[in-house]
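*Asks:* give me coordinates for this.
(one chain, ligands or ions: 1)
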Amino acid sequence: MSQENEHVQCLIIGSGPAGYTAAIYAARADLKPIMYTGMQAGGQLTQTTDVENFPGYPQGIMGPEMMEDFRKQAERFGTDIRFGYISSVDFSSTPHKIVVDEIKTITADTVIIATGATAKWLGLPSEQQYNGFGVSACAVCDGFFFKGQDVAIVGAGDTAAEEATYLAKLCKTVHLLVRRDEFRASKTMVARVLATPNIVVHYNTETQEILGNGKNVTAVKVINNQSNEVSEIAVEGFFVAIGHKPNTDIFKGQLDMDETGYLNTKPGSTLTNIEGVFACGDVQDMYYRQAVTAAGSGCMAALDAERYLAAKEHPVEA
Ligand code: NDP
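*Replies:* Alright, predicted model coming up:
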């Protein structure tokens with residue numbers, strides 16, 4: 001096993017809007033950042049189609065194209081972007097140690113974590129087939145494309161309740177598919193759902209298949225798990241809101257995280273519990289989860305890293 005060593009001022013892990021924005025700022029501040037993209041270079045947006053809510057693109061843009069723009073902008077200022085994944089980290093001493101692809105160790109004065117979160121899917125082949133063509137895991141991103149149409153959304157937590165209410169403002173009918181006979185969501189959110197006339201709640205209902213015409217979604221086939229009755233609901237859009245999993249497995253035991261694995265940051269900053277390690281984007285944000293909020297926190301992470309390095313270099317006398 002070869003063991004090359006390399007030292008950097010700023011290592012960025014992850015290549016979504018948060019990682020690339022951190023890279024743009026860090027590179028412009030002359031931190032000479034190195035970015036490891038992870039296995040899905042460009043992050044979650046590379047799996048979407050049109051992005052219409054990112055400021056600066058008045059005509060909208062395709063997700064993969066937008067991430068290509070982010071990449072080019074980060075490269076323009078000298079970010080060293082490398083395809084590879086981080087297999088382990090050791091934040092117990094400084095400089096921090098990061099192992100890439102299980103073979104190469106890098107030491108870093110600052111580490112910016114932008115590893116994102118992964119939407120949970122039902123795991124149906126049809127869900128994959130129509131992903132981006134009627135199937136989505138983000139109502140705020142894609143609801144607009146189903147204006148005046150019928151849609152279904154699966155889930156029963158706060159996200160599903162919130163997204164169903166959001167969709168109800170745009171769509172004709174929202175079929176909310178709840179697998180048990182009750183919600184997991186908070187009482188207030190459930191009350192809001194039940195008070196919305198164009199949301200139809202289907203309890204004890206599981207999705208069997210998403211049906212389509214080869215191009216777009218046309219219906220969802222569901223089963224009532226009490227009566228075993230199978231039926232089809234005609235919809236143009238199918239939203240999955242069954243939770244996200246933050247990509248933090250490699251940081252377990254080293255960084256503070258909540259019970260669901262989201263990294264804890266000091267409020268109003270990107271500081272983690274370890275000096276010189278910063279977190280931005282969806283990996284530390286279970287609420288907003290938008291490209292633009294991720295980008296904003298990526299900027300914060302680079303500024304926090306820059307200030308941390310400056311303070312180390314020129315400590316202020318007490
Ligand atoms: P949750 O884990 O809270 O809920 C996931 C939901 O998806 C559950 O109701 C679960 O059903 C359902 N589910 C899981 N797998 C399947 C499946 N295979 N088929 C059908 N249904 C399935 O995730 P959320 O994203 O809703 O929320 C995450 C966290 O974020 C929570 O703490 C939540 O409170 C918080 N949040 C808060 C908001 C706010 O306060 N405004 C807004 C959004 C999120 P079951 O109940 O049967 O297990």
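*Asks:* report the secondary structure state of Thr105.
*Replies:* Under DSSP: H, G, I helix; E, B strand; the rest coil, Thr105 falls in the strand class.
*Asks:* residues contacting Ala305?
*Replies:* Shown in contact with Ala305 (Cβ atoms under 8 Å, 6 or more residues apart in numbering): 10, 22, 26, 31, 110, 112, 276, 278. Using the backbone N, CA and C atoms, a C-beta is placed for each residue, glycine as well.
*Asks:* so what's the residue in the chain positioned nearest to the ligand closest to, chain neighbours aside?
*Replies:* In the chain, the residue that lies nearest the ligand is Gly157 (2.3 Å; Cβ to the nearest ligand atom). Computed as Cβ to Cβ, 6 or more residues apart in numbering, the closest residue to Gly157 that is not its neighbour in sequence is Arg184, at 4.6 Å.
*Asks:* Asp50 too?
*Replies:* Gly60 (5.0 Å).
*Asks:* so who does the one you found touch?
*Replies:* Contacts of Gly60 by Cβ under 8 Å, 6+ apart are 50-52.
*Asks:* ramachandran coordinates for it?
*Replies:* Phi and psi for Gly60, reported as degrees, to the nearest 10, are phi 80, psi 170.
*Asks:* ok, now how distant is it from Gly16?
*Replies:* 18 Å (Cβ to Cβ, to the nearest Å).
*Asks:* could you do Phe183 as well?
*Replies:* 30 Å.
*Asks:* out of the two, which sits in the busier spot?
*Replies:* For Phe183 versus Gly16, neighbours defined as other Cβ atoms under 10 Å are more numerous around Gly16 (30 against 21).
*Asks:* how about the more buried one, nearest residue that isn't a chain neighbour?
*Replies:* Leaving aside its sequence neighbours, Gly16 sits nearest to Gly43 (Cβ to Cβ, 6+ apart; 2.8 Å).
*Asks:* what about the one you found, how many residues close to it?
*Replies:* Applying other Cβ under 10 Å, I find that Gly43 has 29 neighbouring residues.
*Asks:* now swap in His314 and tell me
*Replies:* 8.
*Asks:* and it, what pLDDT?
*Replies:* His314 carries a pLDDT value of 85.
*Asks:* ramachandran coordinates for it?
*Replies:* The phi and psi values for His314, taken as degrees, to the nearest 10, are phi -130, psi 70.
*Asks:* could you do Gly43 as well?
*Replies:* Given degrees, to the nearest 10, the pair of backbone angles that Gly43 has is phi 70, psi -160.
*Asks:* quick check: the gap between it and Tyr287.
*Replies:* Gly43 is 18 Å from Tyr287, by Cβ to Cβ.
*Asks:* grab the most central residue of the protein for me.
*Replies:* Ala117 (4.1 Å; Cα atoms, centre = their mean).
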